[in-house]
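Colleague: next one to model:
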Amino acid sequence: MAPYPEASPKDGRSSNALRLLLCVHAAPLGCRSVNADHDPDAVLPKWWVRLCACMTNTQAGNGGGQGKMKNIVGWRLYIVSLLGAILLLISVRFFVIPRFDTQKRADVLTILGQVSDSLLGATIASLIVSILVFWIIPKNRPTVEETVLVPPKRISSELRHAANEATKWSYRGHTGRYFRTTVLPILQNTSTKHGRYIDVQIQILDPDDADLMRFFARYRAEVNRDRSDYWTTSRARAEIVATAVALILADAGSSRLNCELYFTKNVSPFTIDLSNTHAITTRESPTHAALKYPAGSTMYDSASEDLHLSAVQARRVEFERPESTLIATGDELNLLLNRLGLAMLHRDEIVETVLTVLKNPVSPYANA
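Modeller: Next up, the predicted model:
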């Protein structure tokens, strides 16, 4: 708030009056109280500071006359005080002054009448403006909550709920196990049952980058030491290939799913699931909470832009819809992978694992 204008010694009383008026009109707006800290030569009476604090539902401090004003607006008390001021000014102007100045000869009373007229007009204007502001500004403005903390036990239900309402879904993670086993079947069922067109885009690690697979396997083993033996290079490649195959088969099984597959080379502790209603950021550990960003929030828009930029930098896998939507044997899997040009090296190490996780999907909590 800008400092109050300096007053000359000859105008000390008018300066104090100005401060009193500012206190009354600034109080409903949550402004700080006027006290000796602003101008040591013009200290407001303590009773006036307490009145301003009362009018705005605030607490006046006792030390040095300072008042700690809260941001709660006391509209009712403010309107009542304005009405009281109007009644008082009307009484002075039309009853008190005419009683003592019947012939209107006293200059002092004439000046007082003019001042009363000005104050009355200003007070009425303040009342009108206050009422307009009160009705124009909604009490509860529709705001979008930027970030919602989701406890670990509710993450899965939040993702399933978002998938049931989705018209688009973007995912960026590592192997996409949770997406493959939980989210993708929901999207398939929704597109078929409700006839909904859904755009699906996923970004997972490149299974043909040997150094990346070794790094990711070591990273997962360090993150979850209880299952350090589970995450090997072959296991990581198999999980990724299984997710890619499941996405392609889902795209072939429904004309209402428009699927895009991207391979990235960046390992992050976070995974992002973004639908048309929410963006949910999770971590590898099932003990960590997630962050949910509702659509329309700044963080949701940032997550959407982040996914777009990472997709531009990733390698898109072009594929044609296979004739069959079911992979039952190793030969069928090899034929599909040959068409896609995936897992060309050491494929025999992962074929059985890929078939197993496709036939018996197990939904893990963590978005790996």
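Colleague: next one: phi and psi at the closest residue to V223 other than its chain neighbours?
Modeller: Nearest non-adjacent residue to V223, counting by CB to CB, 6 or more residues apart in numbering: E284, 5.1 Å away. C-beta coordinates here come from the backbone N, C-alpha and C atoms, glycine included. With angles defined as degrees, to the nearest 10, E284 sits at phi -70, psi -40.
Colleague: make residue 1 into 38 and carry on from there
Modeller: Understood, numbering begins at 38; the last thing we discussed is E321.
Colleague: what's the spacing between E321 and P135?
Modeller: 84 Å (CB to CB, to the nearest Å).
Colleague: those two: who's more crowded?
Modeller: E321 (18 against 12; other CB atoms under 10 Å).
Colleague: would you agree that one is in contact with F253?
Modeller: No. Taking contacts as CB atoms under 8 Å, E321 lies outside contact range of F253: 11.0 Å.
Colleague: strand partners (parallel or antiparallel) of the helix or strand containing L298?
Modeller: In this assignment (DSSP states H and E), L298 forms part of strand 294-301. Looking at strand 294-301 with DSSP bridges, its partner strands are strand 235-242 (parallel), strand 352-354 (antiparallel).
Colleague: show me which residues of it are buried.
Modeller: L294, C296, E297, L298, Y299, F300, T301 (16 or more other CB atoms under 10 Å).
Colleague: you'd agree S207 is in a strand?
Modeller: Yes. The assignment for S207 is a strand, going by DSSP: H, G, I helix; E, B strand; the rest coil.
Colleague: partner residues bridging it?
Modeller: Q238, L311.
Colleague: that older thread, farthest-apart pair in the buried residues of strand 294-301, please.
Modeller: Using CB to CB, the pair of the buried residues of strand 294-301 lying farthest apart is L294 and T301, separated by 21.4 Å.
Colleague: need the longest helix for this structure.
Modeller: Secondary structure of the chain read by DSSP state H shows that its longest helix is helix 144-173.
Colleague: so for that one, mean pLDDT?
Modeller: Mean pLDDT, helix 144-173: 75.
Colleague: that helix - contacts with which helices or strands?
Modeller: Helix 144-173 sits against helix 112-128, helix 134-137, with contacts defined as 3 or more CB pairs under 8 Å, 6 or more residues apart in numbering; DSSP states H and E.
Colleague: check the ones you listed for me and report the most buried one.
Modeller: helix 112-128 (a mean of 15; mean count of other CB atoms under 10 Å).
Colleague: circling back to that earlier point, so which of the strands paired with strand 294-301 gets nearest A289?
Modeller: Going by CB to CB, the one of these nearest A289 is strand 235-242, 12.9 Å.
Colleague: now the closest one, how far from the chain's geometric center?
Modeller: Put simply, strand 235-242 sits 24 Å off its chain's centre (CA atoms, centre = their mean, to the nearest Å).
Colleague: surely R293 is in contact with V237?
Modeller: No. Between R293 and V237 there is no contact under CB under 8 Å: 10.5 Å.
Colleague: okay, these two: which has more neighbours?
Modeller: V237 (23 against 14).
Colleague: which residue, other than its chain neighbours, is closest to that one?
Modeller: C296 (4.6 Å).
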